[in-house]
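Student: Pasted the sequence and its predicted model underneath.
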Amino acid sequence: MYKKPAIPFKGTKTQERELREFILKEKDVPGALMPVLQKAQDIYGYLPIEVQTIVADMLGLSLSEVYGVATFYSQFSLNPKGDHRISICLGTACYVKGADKILEALEEKLEIKVGECTPDGVFSLDSCRCVGACGLAPVMMVDDDVYGRMTVDQIDGILQKYISKHHESKKRLNTVAKP
Amino acid sequence: MLSVEELNKIRAKKKDIVAMRHHGDKPAKKCGYKYQVLVCGGTGCTSSGSKKIIETLESEIKKNGLEKDVHIVRTGCFGLCSLGPIMIVYPEGSFYARVTVEEIPKIVEQHLKNGKVVKEMLYEHTVKEDGTVISLDETDFYRKQLRVALRNCGVIDPEDIEEYIATGGYQALAKVLASMSPDDVIDILLKSGLRGRGGGGFPTGRKWAFAKASADDQKYVCCNADEGDPGAFMDRSILEGDPHTILEAMAIAGYTIGADKGYIYVRAEYPVAVERLRIAIKQAKEYGLLGKGIFGTDFSFDVELRLGAGAFVCGEETALMTSIEGNRGEPRPRPPFPAVKGLFGKPTILNNVETYANIPQIILKGPEWFAGMGTETSKGTKVFALGGKITNVGLVEVPMGTTLREIVEEIGGGVPNGKKFKAAQTGGPSGGCIPACHMDVPIDYENLIALGSMMGSGGLIIMDEDTCMVDIAKFFLEFTVDESCGKCTPCRIGTRRLYQFIDKVTKGEAEMEDVDKIKELCAHMKSTSLCALGQSTPNPVISTMHYFEDEYIAHVKDKTCPSGVCKDLLKYQILPDKCKGCTLCARNCPVDAISGSPKKPHVIDRKKCIKCGLCMRNCKFDAIVKK
């Protein structure tokens, strides 16, 4: 069942224009729905019902068809993600090397479960199946950075790096905003 | 549009540059460069920082004024991912492993400027005790390998089509278009004995013959690059290291079955592979090696890239096609087989990446060459992604018929930390495990099936005595519960029920009659599921139960986990004779489950203990054990 996300939809006109232009270009390609949803998620970061409606209308599909595809594939998310997306690889190689322990520790430290986002919106936590860096198992990804040969002790240091980054960018935003 | 003569010209022009990159200490060929530095740009090494290595290398080379002498090449995967970032310097073939940015200035100055190999930074197994340096091919990891599908990985720059051409690339396509009929191609494939490398091992030549025989105005060639098996990364490495070989093989397939359009369905989780494929397709089109009228013939072929979105079931052929069509990736009943009615309802062939990677070589070197490798029923080589509890994690390509012992002990360097080998898991969530007693069985399609496992795509995960086999079965079930598409009942409900049973076992709540029920459920799922995913889901359970029944019985009857993994069955205990009463554990315990006065043995309150293991990790006297 679709649950309305706690965070309201904040899509902009520019985002919508970009999506509509892409759909216009792609809509006659056979099997266009998947590439369109991938683009939409690129633009918005997730696929809220508002975005799915645009896609359905423009491709001439029912909303249920679009929703069916959006919920089938694990890459698509109906909920917004944190500013920094943490992802723990639970592929076999990482699991055998104890990735589950890393995940457990993260859940404890961030006080959220897999698939959730921290209340302040800084981190979201996910598990994934094999990023293909099995030589570095166990592997944790934060945004596009890969951290290999992870141990529980390293978590705090890594999280701190992103927390400071987050505060800095906020500070910068505040100073820019002030006249 | 490129003609065959022009293709040969490019080949001749670039030949010396690529020829220099062969192991051994041959004198530098006349390619204009004194040194070539090959840096691995595969996902593994990129993750461990090879991008920064290249940047530093470039700036150091500039600083030393060596731009004209040294050529930097970013290649695909070398295979030894655990040693990344990897860098090889030719003509010597010096293998620098786990390179750091700080080491670069020294390597540049000493090796590239003054011509002295920095021995202390080389991969230790390439330096013999007397100080002589051996080539990579002579090390244990590479000696037994035979690289056919991976032949260009770690040798050429995957983003430069001319380097692929220099190694003989697109010659097979030229040969097929100039002098062979579709039936000739099929005949060669049949004679070579090539079988699908993605799972079932169906003869490739027969698949192509079926599709050729289906009459239709439109046919398709698909490539399965949706390597969903967790722990397998051979297809990714080929796509990253040698993308043109896939395009060439797909074009050959198109000519053979009469298709002018191909699709590559690749995982979105492989951004590097996707990018390299995009570049490769663009370059091939620019050179006229894809598009209309290839090599001046009337054969046209085009390739389109489609990104998967994270669904394991899309590795199944009919599900993959449904996904390309833009739907939920649910499998369809067969027959009709894709060769008759596949993508968009048209005759389609689907092969996986590794299968395609073999084809140009078979065309050029002949079917006898290929059939000369391997066993009676399984010809050629197989790439395995070696992972888990093994010293040399990485990609290995060996002739079919190599034993597990050779792969684990010689190539893989054995199980680390003095632990004992327990089992190897092949075929991912659809496969099974091979215990130590069968390590000497030659690996091929038939033998693996006889052992209750399967080739699958080639994931090979090594497990040691600390791995609980029931827990591993549960791990794979968790995966298949997530990934079952939900179309057919035996799989949708069966995976979940099976998971619940195994979960009970790991919690010590199961009885012996549950074990019988598990066996019955497995049999039903195998015989009634719609597609290979549901049919093979019980395999990890059946196989671990077959070889490690004692572990299951220990969980069920004795309520213990012999490997000390299943948390609910563990008990932490303080050994009174070893405990010095330092109070460290009591202070560390997050739930105050440990009590005792200073300098006297402590005790753990089992009711309070959450089995986090913190006490045991921190104890300086090894006084805490888990049972």
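Tutor: It's in.
Student: The residue in chain A that chain B sits nearest to in helix, strand or coil?
Tutor: Per Cβ to the nearest Cβ, residue A:135 is where chain A lies closest to chain B, at 2.6 Å. To be clear about C-beta, it is placed using only N, CA and C from the backbone, and glycine gets the same treatment. Classification of residue A:135 using DSSP: H, G, I helix; E, B strand; the rest coil returns helix.
Student: Against residue A:149, how distant is it?
Tutor: Noted for residue A:135: a distance of 9 Å to residue A:149, by Cβ to Cβ, to the nearest Å.
Student: which one of those two has more residues nearby?
Tutor: residue A:135 (30 against 14; other Cβ atoms under 10 Å in any protein chain shown).
Student: hmm, back to that, nearest spatial neighbour of the residue of chain A closest to chain B, skipping sequence neighbours?
Tutor: Nearest residue to residue A:135, sequence neighbours excluded (Cβ to Cβ, 6 or more residues apart in numbering or on different chains): residue B:81, at 2.6 Å.
Student: How about the contacts made by residue B:479?
Tutor: By Cβ atoms under 8 Å, 6 or more residues apart in numbering or on different chains, the residues touching residue B:479 are A:129, B:230, B:312, B:429.
Student: at 10 Å what do you get?
Tutor: A:90-92, A:95, A:129, B:228-230, B:312, B:428-429, B:495, B:499, B:537, B:540 (Cβ atoms under 10 Å, 6 or more residues apart in numbering or on different chains).
Student: Following the chain past the helix or strand where it lies, name the next helix or strand.
Tutor: Per DSSP states H and E: residue B:479 is located in helix B:469-483. Toward the C-terminus, helix B:469-483 is succeeded by helix B:489-506 as the next helix or strand (DSSP H and E).
Student: List the contacts of whichever strand or helix holds residue B:60.
Tutor: Following DSSP H and E, one finds residue B:60 within helix B:50-63. Here helix B:50-63 makes contact (Cβ under 10 Å, 6+ apart) with B:35, B:37, B:39-42, B:44-46, B:66-74, B:84-87, B:96, B:99-109, B:112-113.
Student: Disregarding residues adjacent in the polypeptide, which is nearest to the most centrally placed residue in chain A?
Tutor: Nearest residue to the geometric centre of chain A (Cα atoms, centre = their mean): residue A:81, 4.7 Å. Spatial nearest neighbour of residue A:81, excluding adjacent residues (Cβ to Cβ, 6+ apart): residue A:124 at 4.4 Å.
Student: I'd like to know which elements the strand or helix carrying that neighbour is packed against.
Tutor: Using DSSP H and E, residue A:124 maps to strand A:123-128. Here strand A:123-128 touches strand A:84-89, helix A:99-110, strand A:140-142, helix A:155-177, going by 3 or more Cβ pairs under 10 Å, 6 or more residues apart in numbering or on different chains; DSSP states H and E.
Student: Export those as a markdown table, with columns for distance to residue B:601 and mean neighbour count.
Tutor: Compiled in a markdown table, the helices and strands packed on strand A:123-128 are given as follows (distance: least, Cβ to Cβ, whole Å; neighbours: other Cβ atoms under 10 Å in any protein chain shown):
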| stretch | distance to residue B:601 | mean neighbour count |
| --- | --- | --- |
| strand A:84-89 | 38 | 23 |
| helix A:99-110 | 28 | 18 |
| strand A:140-142 | 38 | 20 |
| helix A:155-177 | 32 | 12 |
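Student: Those into CSV, with extra columns for distance to chain B and mean pLDDT?
Tutor: Output for those, formatted as CSV (distance: least, Cβ to the nearest Cβ, whole Å; pLDDT from 0 to 100):
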stretch, distance to chain B, mean pLDDT
strand A:84-89, 8, 92
helix A:99-110, 9, 92
strand A:140-142, 9, 91
helix A:155-177, 14, 81
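Student: Run through chain A and note the low-pLDDT ranges.
Tutor: Residue ranges of chain A with pLDDT under 70: A:1-7, A:173-179.
Student: pLDDT wise, what is the nearest residue to residue B:17 once chain neighbours are set aside at?
Tutor: Excluding the flanking residues, the one nearest residue B:17 by Cβ to Cβ, 6+ apart is residue B:31, at 4.4 Å. Turning to residue B:31, the model gives it a pLDDT of 75.
Student: Tell me how far residue B:31 lies from residue B:241.
Tutor: Counting by Cβ to Cβ, the separation of residue B:31 from residue B:241 is 21 Å.
Student: Between these two, tell me which one has more neighbours.
Tutor: Under the criterion of other Cβ under 10 Å, the comparison of residue B:31 against residue B:241 puts residue B:241 first, with 29 against 18.
Student: measure the nearest residue to that one once chain neighbours are set aside to residue B:333 for me?
Tutor: Setting aside the residues directly before and after it, residue B:241 is nearest to residue B:76 in space (Cβ to Cβ, 6+ apart), at 1.9 Å. Relative to residue B:333, residue B:76 is positioned 38 Å away (Cβ to Cβ).
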